[in-house]
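Undergrad: Structure for the following, please:
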Amino acid sequence: MEIEYVDVCCGLAWGDEGKGKIVSQLARDGGYDFVCRWAGGDNAGHSIKIKNKVYATHLIPSGVFFGVTSVIGPGCVVNKESFQKELTYLKHHGFDTSLVKVSPKAHLVLNHHISEDLEKQHKTQGSTARGIAPTYRDKYARVGHRVEEDSFFDQYLWDEKLRGKVLCEGAQGVWLDIDHGNYPYVTSSSTLPYGACSLGFPPQKIRKIFGAAKIYDTRSGTDPLFPETLIDDPELKEVIEKGREFGTTTGRVRKVNWLNLDKLIEAINLTGTGILIISKVDILEDLDKFKLTYESKLIEFSRLDDMIMFINYHIRSRCKYVKKLLYSDNPEEVPSLL
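TA: Predicted coordinates:
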């Protein structure tokens, strides 16, 4: 049996766009045979709400919560201790960890990688200090160590071809991509949906690309595009508090800004997003504040509906691949996703 099709979910901003909610809904209802990650490590973080209980993982794909085989791909980097902790966490909550698989070609994050990252954490790149960048550096210098070298992983190794229906789960967002983000304030791997092909399939197998965004922008870590002064803006402070904008991985307060519609449109076109999901519209509605920037101008609206009409018009006119545009005010589900 070969691959029937592949669907990909990616972030259209700087991470924390609500990909976990989308992927969990797709994994639950989409009839997929595999849910896979193609890049990154435990520097990512997805929160998933199931029956009023919130679960979080940083490394293992979300399919495991819904009985779907979940594969950590060859382009990922794996911290053994984090992997063990997540397995224990999943077992404790009654999930089947036999569904968790790891490519033998994925690289290991070792203690010296983490120590090196910790030493540099105070510098400008805003690292999560998980050893991700040093691990990728060693991989590309061809001096790294693969998962297959550690016998602990033997029962989880997956070196077979994917088949059937596949869902690929992105980490971080397009503006953290190593090549397209605001270098050097980026992650160490590709966050674009086409990076998913490193799992071992041709791009022609990609059926749908789901793009996740929020109705305002957020950023964890250091980036001149998000100056520290944003944290002191009283209106944006309200968004932080109402939206509970704290990093899943680091716990740090995210810097918040009004939606940059030009950057969102650029991200949609760069990724080829066909189904766009914009979340957290309820936050602005609760605060009764509706603002965005477009063509370097801050625009304020009197009603949420007016802001949505403005967004829809410009996305429809400038993004030819978008077939469906959805807004979500529900932290658990996206209406009409499938």
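
Undergrad: wait, what's in contact with residue 39?
TA: Residues near residue 39 by C-beta atoms under 8 Å, 6 or more residues apart in numbering: 73, 75, 76, 170, 171, 189, 190, 191, 195, 198. Quick note: C-beta positions are derived from backbone N, CA and C, even for glycine.

Undergrad: Same check on residue 284?
TA: For residue 284, the contact set (C-beta under 8 Å, 6+ apart) comprises 215, 216, 239, 290, 304, 307.

Undergrad: try residue 144
TA: Here residue 144 is in contact with 107, 108, 135, 138 (C-beta under 8 Å, 6+ apart).

Undergrad: what's the answer for residue 183, then?
TA: If you count contacts by C-beta under 8 Å, 6+ apart, residue 183 has none.

Undergrad: And it, what's its pLDDT?
TA: As predicted, residue 183 sits at a pLDDT of 94.

Undergrad: Dump the contacts of residue 39 into TSV; add secondary structure and neighbour count as well.
TA: As requested, those are exported to TSV (DSSP: H, G, I helix; E, B strand; the rest coil; neighbours: other C-beta atoms under 10 Å):
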residue	secondary structure	neighbour count
73	coil	25
75	coil	22
76	strand	30
170	coil	32
171	coil	27
189	coil	26
190	coil	21
191	coil	29
195	helix	22
198	helix	18
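
Undergrad: Now do the strands in the stretch 1-150 of the chain.
TA: 3-11, 34-37, 46-50, 53-57, 69-72, 77-79, 100-102, 107-109 (DSSP state E, counting those that start in this stretch).

Undergrad: Just give the strands next to the third one in its sheet, each with its orientation.
TA: Applying DSSP bridges to the sheet, strand 46-50 is found paired with strand 53-57 (antiparallel).

Undergrad: what does the fifth one give?
TA: Sheet pairing of strand 69-72 (DSSP bridges) gives strand 34-37 (parallel), strand 100-102 (parallel).

Undergrad: ok, residues contacting it?
TA: Strand 69-72 is touched from outside by 33-37, 59-64, 78, 99-103, 106, 158, 162, 199, with contacts defined as C-beta under 8 Å, 6+ apart.

Undergrad: Packed most tightly, which of the strands paired with strand 69-72 would that be?
TA: Mean neighbour count, computed with mean count of other C-beta atoms under 10 Å, is highest for strand 34-37 among the strands paired with strand 69-72, reaching a mean of 26.

Undergrad: can you give me the mean pLDDT across that one?
TA: Model confidence over strand 34-37 averages 97 on the pLDDT scale.

Undergrad: ok, now stretch 305-320?
TA: Throughout stretch 305-320, pLDDT has a mean value of 98.

Undergrad: export it as PDB, just CAs?
TA: What follows is the C-alpha trace of stretch 305-320 in PDB, where atoms were taken according to Å, rounded to 0.1, in the frame of the first residue of the first chain:
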ATOM      1  CA  ASP A 305     -17.300  42.000  11.400                       C
ATOM      2  CA  ASP A 306     -15.800  45.000   9.700                       C
ATOM      3  CA  MET A 307     -12.200  43.800  10.500                       C
ATOM      4  CA  ILE A 308     -13.000  40.300   9.200                       C
ATOM      5  CA  MET A 309     -14.500  41.800   5.900                       C
ATOM      6  CA  PHE A 310     -11.300  43.800   5.400                       C
ATOM      7  CA  ILE A 311      -9.100  40.800   6.000                       C
ATOM      8  CA  ASN A 312     -11.200  38.600   3.700                       C
ATOM      9  CA  TYR A 313     -11.200  41.100   0.900                       C
ATOM     10  CA  HIS A 314      -7.400  41.400   0.800                       C
ATOM     11  CA  ILE A 315      -6.700  37.800   1.300                       C
ATOM     12  CA  ARG A 316      -9.200  36.800  -1.500                       C
ATOM     13  CA  SER A 317      -7.800  39.300  -3.900                       C
ATOM     14  CA  ARG A 318      -4.100  38.600  -3.200                       C
ATOM     15  CA  CYS A 319      -3.900  34.900  -2.200                       C
ATOM     16  CA  LYS A 320      -5.000  32.700  -5.200                       C
END
